[in-house]
Structures are given as structure tokens and as C-alpha cells.
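Sequence first, then the predicted structure:
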Amino acid sequence: MIDSLLALADERVAAGGRYDQAASERSQLLRDRLHATRPASFATALLSRGETDQPHQIGLLADLLASHGSHESRQAPFVVEDDVRRELIALLHRWAETLLSSRDSKRHQLAEVGRAIGRLAAPELVDDLARLLAVDLERWRQLRARRSTAAAHMSIEERSDAAHCWARQYREAFAAIGGDVVVEIMRTYLEDELFGFDAGLVLKEIWERLQNVPAASPFKVWPDFATVSARRQERRVEPAPNAAVPVAAMIFAAIERLATAGGGEPHQRIAIALGRNGLSMPHGNQGAVIEALLALPQPLRSKWELLTAIVLDGEAISAELPLQAVREWLAAAREKTWMYHESLLEVEGWLQLLPFSDRPAATIEGVELVIGALPQPRHLERVVSALGDAPGEEAERALRALMERHPQIASRHDWARAIVKRGTRSGAIMLMDLAAGERAGTGPGPGDVYWMARELVVLIQRHPDLQAEVMRRYETTASGRGRGVFEHTLAELGDKDALLALIAGYAACGQGFDGLLENAIREVALSKQPAAGWIGAYELHPVPLPELRRTLFSMTQNESPATAALAKACLATIDELRDEYGASEFEPRHPDVGSGQPWPPVAG
């Protein structure tokens with residue numbers, strides 16, 4: 001398979017790089033099969049064919065090594081026997097030397113060898129990786145300079161190369177190797193306008209690995225504001241900032257050298273970008289440096305990541321900065337109307353910083369500025385989600401006010417998720433309003449009924465007095481999905497009073513005994529206790545219900561026919577649960593033997 005891939009690569013070079021769809025599909029098929037081979041046999045085949053001085057073949061073989069395995073396994077080093085590993089290291093060294101000394105080598109081929117070095121995570125190849133990066137950056141600078149002065153005289157391939165950045169490949173390779181040597185190399189690159197930000201990311205990743213910080217989930221998008229409340233609480237408990245860790249000190253020292261008014265635009269931009277990296281680690285008191293960065297004469301849009309990092313660090317920013325950025329975006333969009341459709345994420349990013357500002361209520365002002373200018377309604381879910389994460393009562397009041405004034409900016413589920421994240425008693429009341437259709441529309445959709453009920457149960461367990469409010473709303477809500485939310489909530493609570501409220505509600509509406517009422521009885525009559533030796537499993541044990549059964553029995557004698565029928569069905573269900581799971585030690589067989597009435601009815 002490797003031979004076939006090399007032959008296809010040779011044919012493409014001979015054809016001047018012309019695209020051939022059939023050859024491309026054949027090549028991808030071979031790659032997919034090679035990725036699934038055993039590491040040992042793949043390494044043996046690669047070593048036996050690796051001695052080549054052709055740059056395009058080296059790039060291909062290096063890519064195969066870097067990409068071997070499944071998507072998950074590629075995140076870990078390529079593991080083979082020690083002697084095979086030593087041979088691979090020697091081969092990669094020769095490949096690097098060949099490409100560095102060849103005038104025909106391409107930047108993407110250098111990057112592929114860099115990726116392969118990172119996949120082996122071999123400290124022995126750090127010098128080779130550093131030389132590959134240095135040559136790549138030098139070639140890139142030359143191409144960018146030509147593009148800015150003589151683009152018309154460049155070929156399509158050269159213009160494409162000038163526009164392409166391979167920094168991520170080198171960054172990941174250096175981070176995979178780690179160690180003091182890599183830290184020192186990255187220190188020298190912090191002020192480089194092409195690789196400085198990536199160097200800061202490498203230092204951050206090395207520090208996180210030493211601290212055993214869990215790797216970020218690939219499904220989470222930066223920024224994640226869920227940690228802001230905890231970070232602000234930490235600052236209140238320990239107002240004095242922690243001393244800067246060495247790599248953070250390196251970053252802020254570079255920022256101080258770069259962040260000068262006369263330092264030039266490229267240096268100022270890299271200084272602003274590095275601020276995000278430095279703030280993501282213990283950094284000591286850097287207030288003066290941050291103020292200097294914010295004061296740099298650069299466009300406000302270039303400071304969004306810095307302001308976001310300040311928020312994630314637990315600091316409140318000035319609301320005027322995001323509002324000014326929103327106004328600037330709107331002014332630009334009036335002339336470039338395509339921004340209303342293709343650049344909305346940018347302005348939404350500024351809006352989602354307002355809940356964490358010194359004036360969270362300004363979120364409403366910012367949202368109204370944007371939706372007043374949009375030619376057609378658009379959702380702004382990220383803003384609603386940010387209000388759910390933002391700490392403080394003012395942010396919660398802003399969430400309620402925004403939901404009342406502009407419910408169209410998010411779906412009902414998005415509003416509900418934001419409310420649930422807050423976890424407050426007043427938030428639970430908002431969720432009830434939302435469920436009843438009193439806010440943001442006419443009630444939850446079918447898929448949201450059960451979810452809202454489960455979330456309300458969690459909030460009621462945190463604030464027990466809310467159960468009475470749910471029971472009141474259930475009694476006063478005549479119909480609709482809002483009533484369904486309250487019904488499911490009462491059924492999930494496992495509370496005797498909630499069960500009786502359900503029975504009364506069923507009888508008032510003429511509903512017969514159903515699965516929901518049966519589930520409510522199970523929640524009341526059985527307790528869930530963790531099963532020994534089984535994670536996530538539980539055992540069901542009977543809960544004594546003498547008073548509830550006595551109440552139900554009296555309802556079979558004295559209430560309306562509908563209530564009596566429901567009470568009989570509930571008593572029968574409890575008896576069936578006792579037959580299946582055992583009787584409770586403190587519960588008599590007859591619900592109320594002193595009444596003189598038979599139970600079950602057939603006993604008469």
C-alpha cells in the first residue's frame with residue numbers, strides 16, 4: 001500500500017501537480033487502510049522505504065506516520081519497540097536534513113516532518129524541529145513580503161503558500177515533546193509576530209500538563225463562562241493574587257517589552273494576543289500590564305480575546321468597551337451589509353461579555369442596538385447563555401427583563417437552560433413562568449416538558465419551599481403543556497402531598513389513572529439506595545406509608561366517584577409494589593382496619 005501511494009505521488013509530480021479525482025480517491029482509500037494497520041508492521045514497512053531524497057515522498061511518508069491510527073489514538077505518541085523507535089528517530093533526522101538542504105522542498109513538507117516528530121514526541125529531535133520552524137517562518141516572511149509588493153508576479157501556488165500558516169502543526173509538535181529545552185525555545189519566540197501567540201500556547205500546555213490539568217473537551221468552544229462565578233468567589237476569598245508561575249512570568253515580560261506605544265502595530269498586536277495566554281495561568285498582579293494593553297492604539301475588535309480572558313480570570317470589565325465595539329460593528333455593517341449575515345458571531349461575542357461587566361443591565365441596551373439594526377430577526381443564544389453563567393442578582397434581573405422584552409432572540413429551551421444554570425430560587429420561579437407560557441411564548445414544546453420537570457425537581461430539592469408554589473400553579477393552570485410540566489414535576493418529587501395534589505388534579509379534570517400517576521406512586525412508595533459494588537446502579541426498598549394509605553382509603557369511601565376510583569387504583573398499585581418488592585415492616589396489611597370496611601374490595 002505504501003508503494004502504491006508513492007507511485008501515485010510520483011505520477012502527480014510528473015503531471016505538474018495537476019489534480020486527478022480518481023487518483024485522489026485511490027490515495028485516500030490507501031491512507032485509510034494504512035491508518036488501520038498495526039503500529040509494528042507499519043513502522044517496519046515505513047523504515048524499509050524511508051531512505052529517499054525526494055521531498056514529495058518524504059512529506060507523504062511523514063504524513064502517514066503522523067496520522068497513523070484512529071482519530072483518538074493520534075492524540076497519543078506513536079508507540080513501538082525501543083529499537084524500532086530509535087530507527088524512526090534517526091530516519092526523521094535524515095528527512096529533516098534532506099528538506100532543510102533542498103531548494104525544492106516545500107513548506108508543507110517541512111510541516112509534515114514536524115508533525116511526525118511531534119507524533120514520536122522525541123526530545124532527541126527538538127533541534128531538528130526548531131530548525132524546521134525557523135526555515136518555515138523565514139520562507140513565509142519572504143512570501144508575505146513579495147505578496148504585499150509584487151503579488152501580480154507570483155504564481156498561484158506561491159500566493160496560496162503565502163496565505164497559509166503552518167504554526168499549529170509546529171505548536172502541537174513542540175507541546176507534545178515538552179520539557180525545559182522546549183520552554184527555552186518558546187521563550188525566544190514570544191516576541192515573534194508570526195509565532196509568538198503559538199509559543200505562548202505551547203508554554204501554557206506544558207504548564208497544564210505538569211499540573212495534571214484535564215485536557216479541554218473537543219466539543220467545548222472557547223470561551224466557557226461556566227467557571228466565572230467560581231473564579232470570582234476565589235478572588236473574594238483570596239483577594240491577593242497568586243505569584244506568577246515561571247512560564248506566565250516569561251509571557252508577561254515579553255508583553256511588557258512589546259506593549260509600548262512606539263513598538264509598531266505587529267508588536268502591539270502580538271502583545272494583546274499573548275495577554276490571553278498569560279491570564280490563563282497563575283500570573284500574580286499584572287493589572288498595570290493589562291491596562292497598558294487595553295490602552296494600546298489598536299482596533300477594539302483585536303482586544304476581544306484579551307477582554308474575554310480578563311472575564312474568565314474573574315474580573316469585571318467596563319461595559320463601555322463592549323458597547324463601543326457593538327456600535328463600531330453596526331457602523332461598519334451599515335456600509336457592508338453582508339456583515340448582518342456573515343459576521344453576526346463577532347458582534348454576538350461582544351454582547352456576551354456585557355453580563356460580566358460592571359453593568360450587566362447594559363446587556364439589554366446592547367441587544368436592542370443589534371436587533372434594531374438587523375434586517376430580519378436572528379437568534380442570539382450565546383448572549384442568553386452568558387446571562388445564565390453571569391454571577392449576581394443584576395445579571396438575573398437582566399435575564400428576566402430580556403426574556404420579557406425580546407423572547408424571539410432565543411428558543412424556549414435556550415431560555416430555560418440559562419435559567420436552570422443559575423440555580424436560584426427566583427430562577428426557579430422564572431422557569432415556572434416559562435413553563436406556564438407567561439413568558440416567551442405559549443408554553444414548552446413536547447420535548448421540553450419532561451426536561452423542564454426534571455430541572456424543576458432539582459431546584460425544588462435545593463429550595464424545598466418551592467414545592468408549594470408548583471402545587472398552587474398546577475391547581476390554577478387549566479390545561480396545556482405548562483400544566484404537563486407541573487404534573488411531571490409533582491410525579492417526580494416522591495412526596496406524599498404532591499401525590500395527593502395530583503390525584504385532586506386528575507379528578508377535577510376527569511383524567512383516569514395512567515402511567516404518570518403510577519410513576520408518582522413508585523417514587524413515593526420505593527426508595528432508591530446505591531447497590532453495593534455497582535457504579536450507577538441502585539436497589540429499590542419499600543417506604544412505609546401508613547398515613548398515606550389511610551388517607552387514600554378514606555377517599556374511596558367519602559369522595560366523589562372520580563376521586564374514589566383514582567384512590568382505589570393508587571392503593572392497588574401500592575399493594576402490587578409490596579408484592580413485588582416486599583412489604584414495609586411498619587405498614588399494616590389493611591389501610592385502615594378500624595374503619596370496618598374491607599380491603600381489597602373483593603374481600604367483602
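Yes, it's here.

elements contacting the helix or strand of the chain with the lowest mean pLDDT?
Ranking every helix and strand in the chain by mean pLDDT, DSSP states H and E puts helix 446-462 at the bottom, with a mean of 88. Secondary-structure packing of helix 446-462 (3 or more CB pairs under 8 Å, 6 or more residues apart in numbering; DSSP states H and E): helix 412-422, helix 425-436, helix 466-476, helix 481-493. From N, CA and C alone the C-beta is placed, and that goes for glycine too.

so which of those helices is the most packed in?
Ranked by mean neighbour count, the helices and strands packed on helix 446-462 are led by helix 481-493 with a mean of 24 (mean count of other CB atoms under 10 Å).

other SSEs contacting the helix or strand just after that one?
For helix 481-493, the following helix or strand on the C-terminal side (DSSP states H and E) is helix 496-509. Packing partners of helix 496-509 (3+ CB pairs under 8 Å, 6+ apart): helix 466-476, helix 481-493, helix 515-525, helix 546-558, helix 561-581.

Same list (those) but as JSON lines, adding distance to Ala22.
Output for the helices and strands packed on helix 496-509, formatted as JSON lines (distance: least, CB to CB, whole Å):
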{"stretch": "helix 466-476", "distance to Ala22": "65"}
{"stretch": "helix 481-493", "distance to Ala22": "55"}
{"stretch": "helix 515-525", "distance to Ala22": "58"}
{"stretch": "helix 546-558", "distance to Ala22": "75"}
{"stretch": "helix 561-581", "distance to Ala22": "65"}
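
so which of those gets nearest Gly69?
helix 481-493 (44.5 Å; CB to CB).

what residues are up against Ile419?
Ile419 is in contact with 388, 399, 427-428, 430-431, 434, counting by CB atoms under 8 Å, 6 or more residues apart in numbering.

Spatially central residue for this structure, please.
Residue closest to the average C-alpha location in the chain (CA atoms, centre = their mean): Lys220, at 2.1 Å.

Assign that residue to helix, strand or coil.
Three-state assignment for Lys220 (DSSP: H, G, I helix; E, B strand; the rest coil): coil.

Need the phi and psi values for it.
Dihedral pair for Lys220: phi -100, psi 140, per degrees, to the nearest 10.

gap between it and Thr308?
Note on Lys220: its distance to Thr308, by CB to CB, to the nearest Å, is 14 Å.

What's the local residue count around Pro239?
Neighbours of Pro239 under the rule other CB atoms under 10 Å: 7.

okay, it: pLDDT?
Pro239 is assigned a predicted lDDT (pLDDT) of 71.

picking that back up, turn the contacts of Ile419 into CSV, including distance to Arg549 and pLDDT.
Output for the contacts of Ile419, formatted as CSV (distance: CB to CB, whole Å; pLDDT from 0 to 100):
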residue, distance to Arg549, pLDDT
Gly388, 43, 97
Leu399, 44, 97
Gly427, 37, 94
Ala428, 31, 95
Met430, 37, 94
Leu431, 33, 93
Leu434, 36, 90
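
Pick the one among the residues you listed closest to Lys106.
Nearest member of the contacts of Ile419 to Lys106, counting by CB to CB, is Gly388, at 48.0 Å.

What does the pLDDT read for the closest residue to that closest one other than its chain neighbours?
Residue nearest to Gly388 in three dimensions, not counting chain neighbours: Ala418, with 3.1 Å by CB to CB, 6 or more residues apart in numbering. Note on Ala418: pLDDT of 96.

likewise His413?
Reported pLDDT for His413: 89.

can you tell me how far it sits from His56?
Counting by CB to CB - His413 and His56 are separated by 51 Å.

same question, Val80
25 Å.

all helices of the stretch 101-250 of the chain, in order?
For the stretch 101-250 of the chain, the helices defined by DSSP state H, counting those that start in this stretch occupy 107-120, 126-150, 156-163, 167-177, 180-189, 196-210, 228-237, 246-258.

looking at those helices, which is buried most?
helix 107-120 comes out most buried of the helices of the stretch 101-250 of the chain by mean count of other CB under 10 Å, with a mean of 25.

Which neighbouring elements make contact with that one?
For helix 107-120, the packing partners by 3+ CB pairs under 8 Å, 6+ apart are helix 55-66, helix 82-101, helix 126-150, helix 167-177.

Return the angle between stretch directions for that helix and helix 126-150.
Per axes from the mean of the first three to the mean of the last three CA atoms, to 10 degrees, the angle that helix 107-120 makes with helix 126-150 is 150 degrees.

what angle sits between helix 107-120 and helix 55-66?
Using the same axes, to 10 degrees: helix 107-120 against helix 55-66 is 30 degrees.

now helix 107-120, how far from the chain's geometric center?
29 Å (CA atoms, centre = their mean, to the nearest Å).

Just want the phi and psi numbers for the residue nearest to Leu312 when sequence neighbours are not counted.
Distances taken as CB to CB, 6+ apart place Pro223 nearest to Leu312, at 5.8 Å, with adjacent residues excluded. Main-chain dihedrals, Pro223, degrees, to the nearest 10: phi -90, psi 150.

mind listing what the residue nearest to Gln467 when sequence neighbours are not counted touches?
In space, and not counting its chain neighbours, Gln467 is closest to Ile460: 5.3 Å by CB to CB, 6+ apart. Taking CB under 8 Å, 6+ apart, we find Ile460 in contact with 428, 466-467, 470, 489, 493.

And Ile460, how close does it get to Gly505?
In this view, Ile460 and Gly505 are 17 Å apart by CB to CB.
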